[in-house]
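K.L.:
What would the 3D arrangement of this be:
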Amino acid sequence: MQPPDRLLKKGINALPTLGDGRQSGTSESPSILHVSPESAVGGDLAIVKTGDKMTIDLNKRRVDLQITKLEFIKRRKKKKIKKLTNQTPWQEISRSNVGQLEDGACIMSRDQYLDITKTKGVLRNSH
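P.N.:
As a prediction, the model looks like this:
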């Protein structure tokens, strides 16, 4: 992510990026991707405002927003989760069947298919 002109003039060539979704097009910037849960499903990344300060501890895998507890509670109460509209069948399939990254971003019905030879028998065309 290229910084705005005012920062480039000060010699700042790269900005760190935090994201709760997929990312492409970033080259030299330090990135922390897949912050979960995603803001689209109620994750707290949605309450971060421009100018907020954060502490990032890579060893502990933590990102802490430096605001008061009272401000945190206030922002959380005001947070609105947008209803997502599927634009393709693939979005609908993914949003309906795949869990969040914190749970492994796996198909949610996966447990039904573990050890299927014991629970459902040997498949007829298992090859």
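K.L.:
The spatially most central residue of the chain and Val63: what is the separation?
P.N.:
Nearest to the mean C-alpha position of the chain, by C-alpha atoms, centre = their mean, lies Asp20 at 2.3 Å. Here the criterion is C-beta to C-beta, to the nearest Å. By it, Asp20 lies 11 Å from Val63. In short, each C-beta sits where N, CA and C put it, glycine included.
K.L.:
shared neighbours of those two, anything?
P.N.:
Val35 (C-beta atoms under 8 Å, 6 or more residues apart in numbering).
K.L.:
Distance from the helix or strand of the chain with the lowest mean pLDDT to the middle of the chain?
P.N.:
In the chain, no helix or strand scores lower on mean pLDDT, DSSP states H and E than strand 31-32, which sits at a mean of 78. For strand 31-32, the separation from the chain centroid amounts to 11 Å (computed by C-alpha atoms, centre = their mean, to the nearest Å).
K.L.:
next one: stretch 15-22
P.N.:
So, by C-alpha atoms, centre = their mean, the centroid of stretch 15-22 is 8 Å from its chain's centroid.
K.L.:
what sits up against it?
P.N.:
By C-beta under 8 Å, 6+ apart, the surrounding residues in contact with stretch 15-22 are 1-3, 7, 23, 26, 29-40, 43, 45, 54, 56, 63.
K.L.:
Check whether the residue nearest to the centre of the chain sits in a helix, strand or coil.
P.N.:
Classification of Asp20 by DSSP: H, G, I helix; E, B strand; the rest coil places it in coil.
K.L.:
quick one: it from Ala40, how far?
P.N.:
Separation of Asp20 from Ala40 (C-beta to C-beta): 8 Å.
K.L.:
So in terms of bridging, what pairs with Asp64?
P.N.:
Under DSSP bridges, the beta-bridge partners of Asp64 are Thr55.
K.L.:
That one: neighbouring residues, count only.
P.N.:
Number of residues near Asp64 (other C-beta atoms under 10 Å) recorded here: 11.
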